[in-house]
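Trainee: sequence and computational prediction follow.
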Amino acid sequence: MTETPERWIDPERVESAIAALAEHGARGETGVARLVYSPEWVAAQDQVAAWMSEGGLRVERDTVGNVWGYLDGRQGDLPIIATGSHIDSQNPGGRFDGALGVVAGITALAVLRERFGDPERTLAAVSLVEEEASRFPAANFWGSRAIIGRIGTEEPKRLRGYDGVTMVEAMRDAGLDPGLVQDAKRDDIDTFIELHIEQGPFLEHENLPVGIVERITGYRQYLVTLEGAANHAGTTPMDMRRDPMAGAAEIISGVIDTAFRMGRPCVTTVGRAIVTPNERAVIPQQVAFTVDARSPLPEQRETLLARHEALMFEVAERRDLKLSLRVDSDRQPVMCDPALVETIAQAATAAGVPAMTMTSGAVHDAMQMAEIARIAMVFVRSAGGISHSPDEFTTTEDAAAGTEVLTRALHTLAYPS
Ligand SMILES: [Zn+2]
């Protein structure tokens, strides 16, 4: 019989931090609405900075509002190993999305310092800004994009939130200078590991607490607009219509069916449709809808997209509709670093935490960080696979198990063996 290894992480510590963070922007019993640069968000980042200080970390805030806590290494000139996630939430979302990765990172570094003192390589825990785009619809990955230098100088002036406030105003409200966003860019990060809740059903289905991400899905998001001719619903014969709703119905059911027939892991979603004029007795003039198509396999993604686009053009042509296809975002799948994945797998084994390798169907800050660093992710089981909802839940035991794996992996990477 094998003994359960001693745990480095006290589950109580993780649980109480999650509960304390959830107070900032609490909605109802379990929900959180913590929008970037809001007073609740500022209070949460202050709490994070305080925990970093208490854990013996050196705290810095960058010009976009990311909070960094460093455990300085003996070889301070080497590139750093960073871990963390985002502190903003959906509106409202749950208490674990993003927050668990921030708590896990701070806990990991504080525990490593307590047990082993200074590392060889500098470790950093980071609490990132606006991953969700829940306040500013076009500002997703704001914090991680600032770090990799992918925010344009004019972008803060251009962006406007759902509340009508511009990014410039919101940043000033939080005590930040929007003119200095570019200064958040850095080139000293070698490794980035993000711990995050799975937000899907696979770990629960496999009855495992922890997943190790091997790749993050690629995607393309379209806005498809079909223009026809509005007319009377009673007097226009079917064979004389240019009906964009008929075309949209055919395309929507076609793209969903294509993804279904191609099988896992590809997925296609039509989540939004705008009908003009949207009247009961009028053939619409225009139907616009979004298509979100994803696959973590580069070839499968290309095939899926090619089939979707061919269908759109074929239907529009046959039904004499004007098609306009706008690509809003497009990203190839991102591979996690195989050596890092192996280090995390070994950490899970050493901790006695059962884990499996898997794919992330959701996008994450780690995907941005992949442009400047080697990356990997640790996933923790989500109850019922539910996320982006106040019903999101992860047990304390699972949250601690994931944090344990993260901590041991960081130990392997930053301390001499
Ligand atoms: Zn998240």
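Mentor: Alright, I've got the coordinates. These figures come from a predicted structure and were not determined experimentally. Residues are numbered from 1 along each chain as shown.
Trainee: what's near enough to touch the closest residue to Arg319 other than its chain neighbours?
Mentor: Once flanking residues are discounted, Arg319 sits nearest to Gly247: 4.7 Å by Cβ to Cβ, 6 or more residues apart in numbering. Heads up, the C-betas are built off the backbone N, CA and C, glycines and all. For Gly247, the contact set (Cβ atoms under 8 Å, 6 or more residues apart in numbering) comprises 226, 228, 287, 315-316, 319, 321.
Trainee: may I ask which of these has the most neighbours?
Mentor: Among these, the one with the most neighbours (other Cβ atoms under 10 Å) is Leu226, at 27 neighbours.
Trainee: quick check, the residue nearest to Arg319 in a helix?
Mentor: Yes - looking at Gly247 with DSSP: H, G, I helix; E, B strand; the rest coil, it is inside a helix.
Trainee: any buried residues in the helix or strand Ala50 falls within, and which?
Mentor: For Ala50, the enclosing helix or strand under DSSP states H and E is helix 39-54. For helix 39-54, the buried set under the neighbour-count rule, 16 or more other Cβ atoms under 10 Å, comprises 40-42, 44-45, 47-49, 51-52.
Trainee: okay, helices next: where are they in the stretch 201-350 of the chain?
Mentor: Secondary structure of the stretch 201-350 of the chain (DSSP state H, counting those that start in this stretch): helices at 202-206, 244-262, 298-318, 338-351.
Trainee: need the contact partners of stretch 401-413.
Mentor: By Cβ under 8 Å, 6+ apart, the surrounding residues in contact with stretch 401-413 are 7-9, 14, 81, 83, 100, 103-105, 107-109, 111-112, 116, 121, 123, 191, 193, 195, 209-210, 340, 343-344, 346-348, 350-351, 353, 355, 378-380.
Trainee: and that stretch, what's its mean pLDDT?
Mentor: Here stretch 401-413 scores 98 as its mean pLDDT.
Trainee: using CSV, write out every CA atom in it.
Mentor: Written as CSV, here are the backbone C-alpha positions of stretch 401-413 (Å, rounded to 0.1, in the frame of the first residue of the first chain):
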residue,chain,number,x,y,z
ALA,A,401,-5.3,19.6,-5.0
GLY,A,402,-4.8,21.9,-8.0
THR,A,403,-2.8,24.4,-5.9
GLU,A,404,-0.7,21.5,-4.5
VAL,A,405,0.2,20.4,-8.1
LEU,A,406,1.0,24.0,-9.1
THR,A,407,3.2,24.6,-6.0
ARG,A,408,5.2,21.4,-6.5
ALA,A,409,5.7,22.1,-10.2
LEU,A,410,7.0,25.6,-9.4
HIS,A,411,9.3,24.1,-6.8
THR,A,412,10.8,21.8,-9.5
LEU,A,413,11.3,24.7,-11.8
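Trainee: residues in this structure within reach of the ion, list them.
Mentor: When proximity is defined by Cβ under 5 Å from the ion, the chain lies next to the ion at 97-98.
Trainee: so Ala366 sits in a strand?
Mentor: No - applying three-state DSSP, one finds Ala366 to be helix, outside a strand.
Trainee: ok, now how distant is the nearest residue to it once chain neighbours are set aside from Gly175?
Mentor: Spatially, and ignoring its direct neighbours in sequence, Ala366 is nearest to Glu194 (4.2 Å; Cβ to Cβ, 6+ apart). To Gly175, Glu194 is 26 Å away according to Cβ to Cβ, to the nearest Å.
Trainee: out of the two, which sits in the more crowded spot?
Mentor: Set Glu194 next to Gly175 and count neighbours by other Cβ under 10 Å: Glu194 wins out with 31 against 10.
Trainee: look up how far Val103 lies from the closest residue to the ion within the stretch 201-350 of the chain.
Mentor: When scored by Cβ to the ion, the stretch 201-350 of the chain has Ile216 as its residue closest to the ion, at 12.2 Å. Using Cβ to Cβ, we find Ile216 at a distance of 22 Å from Val103.
Trainee: the two: who's more crowded?
Mentor: Shown here are Ile216 and Val103; by other Cβ under 10 Å, Val103 has more neighbours (29 against 25).
Trainee: tell me which residues touch Leu340, please.
Mentor: Each residue near Leu340 by Cβ under 8 Å, 6+ apart is listed here: 191, 193, 374-376, 409.
Trainee: one more pass at 6 Å, please.
Mentor: Neighbouring residues of Leu340 by Cβ atoms under 6 Å, 6 or more residues apart in numbering: 374, 376.
Trainee: follow-up on the earlier one: in JSON lines: the contacts of Gly247, plus pLDDT.
Mentor: As requested, the contacts of Gly247 are exported to JSON lines (pLDDT from 0 to 100):
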{"residue": "Leu226", "pLDDT": "98"}
{"residue": "Gly228", "pLDDT": "98"}
{"residue": "Val287", "pLDDT": "98"}
{"residue": "Val315", "pLDDT": "98"}
{"residue": "Ala316", "pLDDT": "98"}
{"residue": "Arg319", "pLDDT": "98"}
{"residue": "Leu321", "pLDDT": "98"}
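Trainee: strands - which of these land there?
Mentor: Among the contacts of Gly247, the members falling in strands (DSSP state E) are 226, 287.
Trainee: re the thing from before, can I get the buried residues of helix 39-54 in CSV with pLDDT and distance to Glu155?
Mentor: Listed next are the buried residues of helix 39-54 as CSV, based on pLDDT from 0 to 100; distance: Cβ to Cβ, whole Å:
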residue, pLDDT, distance to Glu155
Glu40, 97, 24
Trp41, 98, 19
Val42, 98, 21
Ala44, 98, 24
Gln45, 98, 21
Gln47, 98, 28
Val48, 98, 25
Ala49, 98, 26
Trp51, 98, 30
Met52, 98, 28
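Trainee: quick one: the residue of the stretch 251-400 of the chain found nearest the ion and Arg381, what's the gap?
Mentor: Nearest to the ion in the stretch 251-400 of the chain, going by Cβ to the ion, is His364, at a distance of 6.3 Å. Counting by Cβ to Cβ, the separation of His364 from Arg381 is 16 Å.
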